[in-house]
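Student: predicted model, plus sequence, below.
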Amino acid sequence: MIQPQTELLVALNHLELMIHEATDEAPKLKAMGFKIDGLEQLQKAQADLEKQLEPAVLKQYQRLQQRSGRPVVPVINGNCCGCYIKIPTAVASDAAKNRTLATCGNCGRFLYWPSE
Ligand SMILES: [Zn+2]
């Protein structure tokens, strides 16, 4: 069971990457004659997700994004994928994993554990 706020953060982060890519590619694609119509829907979904997040979490997310561009990172093999530090076992224990909104003690990014 993944923590609902974590799930929202992961979704928001993915969505923002998609928006970022779509925005970057839009002028090129338009020049090639393609129509861009998914972007507005992506942005609407982004606003909806932001509304569901706790205000403090959203604020922290936006702060991290300005600083690092990647506020939510997976933990792979026990390491934070933002700064590659080993996550303490107290945070990474099966009981704690994805139950609470975990952040990296070193870089402050939100953490999630992808299901293997
Ligand atoms: Zn980190």
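Tutor: Looks like it arrived, so ask away.
Student: quick one: the helices in this structure?
Tutor: 4-31, 39-52, 55-68, 89-92 (DSSP state H).
Student: the first one to helix 39-52, inter-axis angle?
Tutor: With axes from the mean of the first three to the mean of the last three CA atoms, to 10 degrees applied, the angle from helix 4-31 to helix 39-52 works out at 160 degrees.
Student: from here on, call the first residue 43.
Tutor: Fine by me, first position is 43 from now on; the one you just mentioned is helix 46-73.
Student: and the helix or strand bottoming out on mean pLDDT in the chain, what's buried?
Tutor: In the chain, the helix or strand scored least confidently by mean pLDDT, DSSP states H and E is helix 131-134, which has a mean of 82. By 16 or more other CB atoms under 10 Å, the buried positions in helix 131-134 come out as 133-134. The C-beta positions use only the backbone N, C-alpha and C, and glycine is treated the same way.
Student: remind me what it packs against, helices and strands.
Tutor: Helices and strands touching helix 131-134, by 3 or more CB pairs under 8 Å, 6 or more residues apart in numbering; DSSP states H and E: there are none.
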